[in-house]
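S.K.: need a structure here:
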Amino acid sequence: MDEYDLVVTNGVCVTAVDVAPLDIAIKDEKIALLAPSGSLSNARTKRLIDAENGYVMPGGIDCHVHLQEPSMFGTGSSADTYETGTRSAIAGGTTTIVAFAPQQKSLDSVLEALANTHALARGNSYCDYGFHLLVANPCEKALSEFEQLASAEGVTSLKIYMTYEALQLRDNEILSVLLAARRNRILTMIHAENGDMLAWLIEKLEAAELFAPKYHGHSHAPVLEAEATNRAIALSRLVADTPILVVHVSEPEATRRIREAQTSGQPVFAETCPQYLFLTREDMDQPGFEGAKCVCAPPPRSAEDQEVIWKGLRNGTFAVLSSDHCPFRFDDAVKGKKTCLSDEYPVGQFRHIPNGVPGIETRLALTFAAGGMGLTKFVEVTSTSAAKLYGMYPRKGAVIPGVSDADLVVWYAEGKLGEFRLTNDMLHHDSDYTPYEGRILRNWPRYTILRGKVVWDRDAGGVVGDKGYGQFLKRQESSLDEVWDTVEREGAFDLEKL
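M.R.: Sure, this is the predicted structure:
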């Protein structure tokens, strides 16, 4: 009788804290045993994988993913379904995603929004998944449902916007969300850009007949992000230091303000994304409409700004590196980037370009190839901290025997693949382009293992997992930096203490 279901031997195991040559044994979907390298090469197992001295890490966790969301910004809609998006995830080494369950302003219930999203994902996912609730209408009914959202539904994070007419909340609404989230130990994610400043800049740019894709970057000037980030931190401070996460941070001033808040002891977390490490505003300034391929919000900044973002990843300002995967087909005039083209506007109107870029499959390989951080930090920001921040640790993001799900990514040994160029035809999303076309890579996940099952085998079949194998994850409260213990010590929000 086989002792194990799967053994990975002769690998170099990398976690958020250690690098060591270890064999890993898997049984009943869990990590069963860690042993010295090579010691399990003759173990009784249903399958043996020789890692050939490649790195073996916890599976990637991507907690900022947009899939199959209703159109909220005009006519564009996501290129990826839960099937195609999660297929792309496992091909890039990601074993868990957290996507969004969007509540539209016309809907007074967050639970109904959650049910609608469950219906789209159920039975269609290649990887494990959870949901953030995207709150656009924080009415009394919606806020009253936060308790059930966290305690019964396992949704312990939500997202709000400080911009975009279809989603923007005013400061008083944000305060109400923060207070209800605090009472139910729900982490609040914030898209921090000043929506009123954005609307004003768009009006001025259009009055000057500046419509090309590059002017998207002008309309989303860095000060919009810096101001809104500072305001988000202030609103959090007002509600007794309610924990927040500022998403997709792109520019230095916002980064500095977040670091200041963290140093002062505020429970302020931050996320950044590959587009702010590898793209610049020059990528939006391309002939014709080509620059639209890199239009996202916040937009890519300067090469100098990239260095600040890299530093923030290394020094802990940014807890997580997520993809903000929000794909649209480029050559699509019905639902894609080209919906804004017309005879009157042959290079489109930047304000109507669907915002977002694909990146769920390239997140790990691009960052790994760049060598901008150490191995343990790479695992920390791409897997382990996400698991802690979003209430999945140590089931996810770790390799603890008897506790952690057997979610692993096995890389090729260094130098085995040589250098190669990234092309869109390598990828498994349903977008017709990647903004990283032609980038030089040096490695790619050889195997992706989800709960003990090989779901990606680059050398023998590619995607070998099954649609529907992915499970919904009911998440616990955040455990990163013992954030809710800190809040408990601070006590409840008290008007008398203001």
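
S.K.: The nearest residue to residue 380 once chain neighbours are set aside in helix, strand or coil?
M.R.: Excluding its sequence neighbours, the residue lying closest to residue 380 (CB to CB, 6 or more residues apart in numbering) is residue 16, at 4.1 Å. No exception for glycine: its C-beta is placed from N, CA and C like everyone else's. Following DSSP: H, G, I helix; E, B strand; the rest coil, we place residue 16 in the coil state.

S.K.: contacting residues around residue 16?
M.R.: 376, 377, 379, 380, 383, 384, 385, 397, 398 (CB atoms under 8 Å, 6 or more residues apart in numbering).

S.K.: Show me which helix runs longest in this structure.
M.R.: For the chain, the longest helix by residue count, based on DSSP state H, is helix 222-238.

S.K.: Check which helices and strands that one sits against.
M.R.: helix 171-183, helix 195-207, strand 244-246, helix 252-263 (3 or more CB pairs under 8 Å, 6 or more residues apart in numbering; DSSP states H and E).

S.K.: tell me which residues in that helix are buried?
M.R.: Residues of helix 222-238 classed as buried: 222, 224-233, 235-236, 238 (neighbour count, 16 or more other CB atoms under 10 Å).

S.K.: Also stretch 51-60?
M.R.: Buried residues in stretch 51-60 (16+ other CB under 10 Å): 51, 54, 55, 56, 57, 58, 59, 60.

S.K.: would TSV of those with pLDDT be doable?
M.R.: As requested, these are arranged in TSV below (pLDDT from 0 to 100):
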residue	pLDDT
51	98
54	98
55	98
56	98
57	98
58	99
59	98
60	99
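
S.K.: from those, which ones fall inside strands?
M.R.: The strands, defined by DSSP state E, take in 55, 56, 57, 58, 60 from the buried residues of stretch 51-60.

S.K.: Dump those into TSV; add distance to residue 272 as well.
M.R.: Below are those laid out as TSV (distance: CB to CB, whole Å):
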residue	distance to residue 272
55	23
56	26
57	20
58	20
60	16
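
S.K.: Going by distance to residue 485, which of those residues wins?
M.R.: residue 58 (24.1 Å; CB to CB).

S.K.: Quick check: the closest one touching residue 379?
M.R.: Yes. Proximity of residue 58 to residue 379 meets the contact threshold set by CB atoms under 8 Å, at 6.3 Å.

S.K.: Overlap in contacts, those two.
M.R.: Joint contacts of residue 58 and residue 379 (CB under 8 Å, 6+ apart) are residue 15.

S.K.: So which residues make contact with the host helix or strand of residue 24?
M.R.: Following DSSP states H and E, the helix or strand that holds residue 24 is strand 19-27. Outside of strand 19-27, the residues within contact range by CB under 8 Å, 6+ apart are 3-13, 31-41, 43, 45, 56, 375-376, 399, 406, 408, 449, 452.

S.K.: need the next SSE after it, C-terminal direction.
M.R.: Next along from strand 19-27, by DSSP H and E: strand 30-36.

S.K.: Could you tell me the angle between that next one and strand 19-27?
M.R.: Angle of strand 30-36 versus strand 19-27, following axes from the mean of the first three to the mean of the last three CA atoms, to 10 degrees, is 140 degrees.

S.K.: Quick check: mean pLDDT of strand 30-36?
M.R.: Strand 30-36 shows a mean pLDDT of 98.

S.K.: got the CA coordinates for that strand in PDB?
M.R.: Provided in PDB are the C-alpha atoms of strand 30-36 (Å, rounded to 0.1, in the frame of the first residue of the first chain):
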ATOM      1  CA  LYS A  30      -2.200  18.000   2.900                       C
ATOM      2  CA  ILE A  31       1.500  18.400   3.400                       C
ATOM      3  CA  ALA A  32       2.400  15.200   5.300                       C
ATOM      4  CA  LEU A  33       6.200  15.300   5.900                       C
ATOM      5  CA  LEU A  34       9.300  17.400   5.200                       C
ATOM      6  CA  ALA A  35      12.500  15.400   5.100                       C
ATOM      7  CA  PRO A  36      16.100  15.900   4.100                       C
END
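
S.K.: counting contacts, what elements does the helix or strand of the chain at the bottom of the mean pLDDT ranking pack onto?
M.R.: Lowest by mean pLDDT, DSSP states H and E among the helices and strands of the chain is helix 483-490, with a mean of 89. Applying 3+ CB pairs under 8 Å, 6+ apart, we find helix 483-490 packed against no helix or strand.

S.K.: on that earlier part again, which of the ones in strands among the buried residues of stretch 51-60 sits closest to residue 306?
M.R.: Nearest to residue 306 among these, with distances taken as CB to CB, is residue 60, at 21.5 Å.

S.K.: for the closest one, what are its contacts?
M.R.: Contacts of residue 60 by CB under 8 Å, 6+ apart are 89, 92, 93, 94, 95, 96, 363, 364, 382, 383, 409.

S.K.: just checking, which of those residues belong to helices?
M.R.: Reading helices off the contacts of residue 60 with DSSP H, I get 89, 363, 364.

S.K.: Would you mind checking those for buried ones?
M.R.: Buried members of those, counted by 16+ other CB under 10 Å: 89, 363, 364.

S.K.: How about the contacts made by the second one?
M.R.: The reference is to residue 363. Counting by CB under 8 Å, 6+ apart, residue 363 has contacts 60, 62, 92, 94, 274, 321, 322, 323, 382.

S.K.: Please repeat the previous calculation with a cut-off of 7 Å.
M.R.: When contacts are counted by CB atoms under 7 Å, 6 or more residues apart in numbering, residue 363 is found next to 60, 62, 92, 274, 323.

S.K.: can you redo the residues you listed as JSON lines with distance to residue 148?
M.R.: Formatted as JSON lines, the contacts of residue 363 follow (distance: CB to CB, whole Å):
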{"residue": "60", "distance to residue 148": "30"}
{"residue": "62", "distance to residue 148": "26"}
{"residue": "92", "distance to residue 148": "34"}
{"residue": "274", "distance to residue 148": "35"}
{"residue": "323", "distance to residue 148": "29"}
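
S.K.: For those residues, which two are the farthest from each other?
M.R.: 60 and 274 (12.2 Å).

S.K.: Flag the shaky bits of the chain, pLDDT-wise.
M.R.: In the prediction, the chain carries residues with pLDDT under 70 at positions 1, 72-74.

S.K.: swap the cut-off to 90 and go again
M.R.: Applying pLDDT under 90 to the chain picks out residues 1-2, 70-77, 165, 486-492, 497-498.

S.K.: Neighbours of residue 121, how many?
M.R.: By other CB atoms under 10 Å, 23 other residues sit near residue 121.

S.K.: got it, and residue 352?
M.R.: 17.

S.K.: One more: residue 140?
M.R.: 10.

S.K.: follow-up on the earlier one: relative to residue 68, which of the ones in helices among the contacts of residue 60 is nearest.
M.R.: Once CB to CB is applied, the member of the ones in helices among the contacts of residue 60 that ends up nearest residue 68 is residue 89, at 13.9 Å.

S.K.: can you give me phi and psi for the residue lying closest to residue 448 once chain neighbours are set aside?
M.R.: Computed as CB to CB, 6+ apart, the closest residue to residue 448 that is not its neighbour in sequence is residue 456, at 3.6 Å. Main-chain torsions, residue 456, degrees, to the nearest 10: phi -140, psi 120.

S.K.: mind listing what residue 456 touches?
M.R.: 90, 91, 445, 447, 448, 462, 463, 464, 465.

S.K.: The same query, at a cut-off of 6 Å, please.
M.R.: 90, 91, 448 (CB atoms under 6 Å, 6 or more residues apart in numbering).
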